[in-house]
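J.: Prediction below, plus the sequence it came from.
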Amino acid sequence: MVGADVVADDMHLLTVTDAGYGKRTDVDEFTRQGRGGQGIRAHRLHDDRGRVVTGFLAADEDDVLQINDAGVLIRTGVGSISVQGRSATGVRVMNLDDDAKVAAVARVLSSEDGSDEDGEDSAPPSDGDGVDDAATTPSAAADDTADDGAPDTEGD
């Protein structure tokens with residue numbers, strides 16, 4: 001077992017192997033298991049396709065970050081990974097060198113306003129001058145003056 005999640009509408013089970021193969025599977029293809037059940041196969045495995053590293057629910061709009069044991073990190077849209085049945089072996093989702101393996105996969109949530117899970121815009125607007133305007137704009141948190149305009153002397 002590599003993961004557990006609560007089923008939600010418009011989600012697919014995403015599984016990725018350490019050899020860089022992955023697939024999305026409709027959750028409707030899995031039957032409910034009762035007590036004493038032996039489990040249900042979610043990904044057919046062959047020696048050349050590796051072992052399952054992760055399995056979680058993801059929406060088509062989400063992205064995934066994949067990292068291999070050599071430190072290479074890629075971001076892939078979940079919608080670009082094909083939907084296949086439970087007995088399929090998957091498609092190549094990460095190209096690897098001969099001795100490299102996928103170490104971890106993490107979901108990056110998307111929101112309706114075009115921002116990532118952490119609230120930052122996925123494509124920040126730029127005025128074309130090559131300067132990060134957010135880093136050069138003074139903020140209230142960095143201002144060391146009190147509301148009356150006098151310097152803050154507390155803690156000195």
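T.: Alright, I've got the coordinates.

J.: What residues sit buried inside the strand or helix carrying residue 25?
T.: Element membership for residue 25 (DSSP states H and E) is strand 21-26. Buried residues in strand 21-26, counted by 16 or more other C-beta atoms under 10 Å: 21, 22, 23, 24, 25. Glycine gets a C-beta too; all of them are placed from N, C-alpha and C.

J.: Stretch 66-81 too?
T.: Using 16+ other C-beta under 10 Å as the test for burial, stretch 66-81 gives 66, 68, 76, 78, 81.

J.: Report how many residues lie close to residue 63.
T.: Look at residue 63: counted by other C-beta atoms under 10 Å, it has 19 neighbours.

J.: so what's it bridging to?
T.: Taking DSSP bridges, one obtains residue 77, residue 108 as the residues bridged to residue 63.

J.: of the buried residues of stretch 66-81, closest to residue 6?
T.: Distance to residue 6 across these (C-beta to C-beta) is lowest for residue 78, with 17.4 Å.

J.: For the residue nearest to residue 45 when sequence neighbours are not counted, which residues are in contact?
T.: Nearest non-adjacent residue to residue 45, counting by C-beta to C-beta, 6 or more residues apart in numbering: residue 51, 6.5 Å away. By C-beta atoms under 8 Å, 6 or more residues apart in numbering, the contact set of residue 51 is 17, 18, 45.

J.: Can you flag the buried ones in these?
T.: The buried subset of these - by 16+ other C-beta under 10 Å - is 17, 18.

J.: and the least confident of the contacts of residue 51?
T.: Among the contacts of residue 51, residue 45 carries the weakest pLDDT, at 79.

J.: With residue 52 as the reference, measure out to that residue.
T.: Separation of residue 45 from residue 52 (C-beta to C-beta, to the nearest Å): 7 Å.

J.: Overlap in contacts, the two.
T.: Common neighbours of residue 45 and residue 52, using C-beta under 8 Å, 6+ apart, are residue 17.
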